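J.: Need coordinates for the following:
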Amino acid sequence: MTAPGIPNEYVLSTSCFGNRLTSIEDQIFAAVAMGFRRIELGLSDAPPSMDGLEDSKRETLVAISSLVAGCRDSRNGHMAALELGSLVEEERERAMSSVRRHVRLAQAWGCSTIVVRGSKVELGELAEEARRLEAKLAEPPIEDDLRAEMRAFVASVQRKGHRQIEHLCRSLHKLMGEVPEVRFAIEPGAELDDLLGLEAMGWVLDDLAGLGYWHDVGRVHLRSRLGLPEHGEWLDRFASRMLGVHLQDASEEEAEMPPGLGEVDFQLLAGYVPRDAERVLELDPRHGRAEILASIQFLVDHGF
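T.: Residues are numbered from 1 along each chain as shown. The predicted model follows:
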């Protein structure tokens, strides 16, 4: 039975804390108090102060298992790592510089796995069409003809975004060659106009033999509700390359929910996730300690 302070085998994303705890030191001690012995440095709108990291790691023996690359590009406000496939060379270089900085920090902190989330398409007409479709989604129910329109649009994004996908592969190839001791994993994005649909993810992984796959339960579930590929399709193709999974539940309109409160079939997922993959709990910060502990118990009960 999982209880406060009893060690568990899961990883807690620091994104779960939001702005409740403003220093990584406090976040580490809070994670250890809930039984976690490993954390992921996740993305947050209010990044914590990293002061005290080494001391708290030494005192608690907590390990940093993974780091999600991402910080805002001061020039356009976008997440810099999303621009690794940009059609603009200057933006690609800024994105690579951002990821390199995260790699250096990760190595200094004893972390050897970097998660890179999907890149958005830059073609203006596709972004405009995505917003039009999203407006339709805001008026349920979602009918079959709209789901068919979504599938056609995503196929168009992957086809027309092929140059960006090639740039993304080149950027990742260069980064991986610079630090071969670091493991990189690519994770699909959440937006309709994200480059990395199911087919495009396959192209990237086929092109880069050393690249890992990172599954995001909530994002894939939200996309599947729109008629896009479901968990089984992603996992049939990419589970053998999986380095980790972001565990969260989701409903038709919401992700980052505590497991057990949404629609995700976790028993199905448990049959796919490799035993050596990192299992990272990633919840919306509005869910607190009680929900985190209940999530761990649910996952244990359902084969994770």
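J.: Tell me, please, the helix or strand in this structure that averages the lowest pLDDT.
T.: Using mean pLDDT, DSSP states H and E, the weakest-scoring helix or strand in the chain turns out to be helix 124-137, at a mean of 84.
J.: Run through who's touching it.
T.: 120-121, 146, 149-150, 153, 156-157, 160-161, 191-193, 226 (C-beta atoms under 8 Å, 6 or more residues apart in numbering). The way it works is simple: take the backbone N, C-alpha and C, and place the C-beta from them, glycine included.
J.: cutoff 6 Å now
T.: If you take C-beta atoms under 6 Å, 6 or more residues apart in numbering as the criterion, helix 124-137 is touched by Leu146, Val157, Leu192, Asp193.
J.: Name the residues of it that are buried.
T.: Residues of helix 124-137 classed as buried under the neighbour-count rule (16 or more other C-beta atoms under 10 Å) are Leu126, Ala127, Glu129, Ala130, Leu133.
J.: quick one: which of those residues is nearest Pro285?
T.: Nearest to Pro285 among those is Ala130, at 26.6 Å by C-beta to C-beta.
J.: Would you mind measuring from Leu281 to Tyr10?
T.: Here the criterion is C-beta to C-beta, to the nearest Å. By it, Leu281 lies 6 Å from Tyr10.
J.: Ok, Leu133 next?
T.: Going from Leu133 to Tyr10 by C-beta to C-beta gives 36 Å.
J.: Arrange the buried residues of helix 124-137 in CSV, one row each, with distance to Ala294 as further columns.
T.: Output for the buried residues of helix 124-137, formatted as CSV (distance: C-beta to C-beta, whole Å):
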residue, distance to Ala294
Leu126, 40
Ala127, 39
Glu129, 40
Ala130, 35
Leu133, 35
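J.: coming back round to it: off-centre distance for the least confident helix or strand of the chain?
T.: Relative to the centre of its chain, helix 124-137 is centred 23 Å away, using C-alpha atoms, centre = their mean, to the nearest Å.
J.: So, low pLDDT: which residues of the stretch 101-250 of the chain?
T.: Applying pLDDT under 70 to the predicted model, the stretch 101-250 of the chain contains no residue that meets it.
J.: which residue ranges form the helices in it?
T.: Under the criterion DSSP state H, counting those that start in this stretch, the stretch 101-250 of the chain contains helices at 124-137, 144-160, 162-178, 198-207, 217-224, 231-238.
J.: packing partners for the fourth one?
T.: Contact analysis of helix 198-207 by 3 or more C-beta pairs under 6 Å, 6 or more residues apart in numbering; DSSP states H and E lists helix 162-178 as its packing neighbours.
J.: how big is the angle separating the helix it packs on from helix 144-160?
T.: Between helix 162-178 and helix 144-160, the angle comes out at 60 degrees (axes from the mean of the first three to the mean of the last three C-alpha atoms, to 10 degrees).
J.: show me what contacts Leu195?
T.: Residues in contact with Leu195 (C-beta under 6 Å, 6+ apart) are Ser119, Val121, Gly161, Gln164, Ile165.
J.: And for Val273?
T.: Val245.
J.: Got the confidence number for it?
T.: Here the pLDDT value assigned to Val273 is 94.
J.: Let me see the contact set for Arg151.
T.: Listed by C-beta under 6 Å, 6+ apart, the contact set of Arg151 reads Gly227.
J.: thinking again about what came up before, closest one to His246 out of the contacts of Leu195, please.
T.: Ser119 (17.7 Å).
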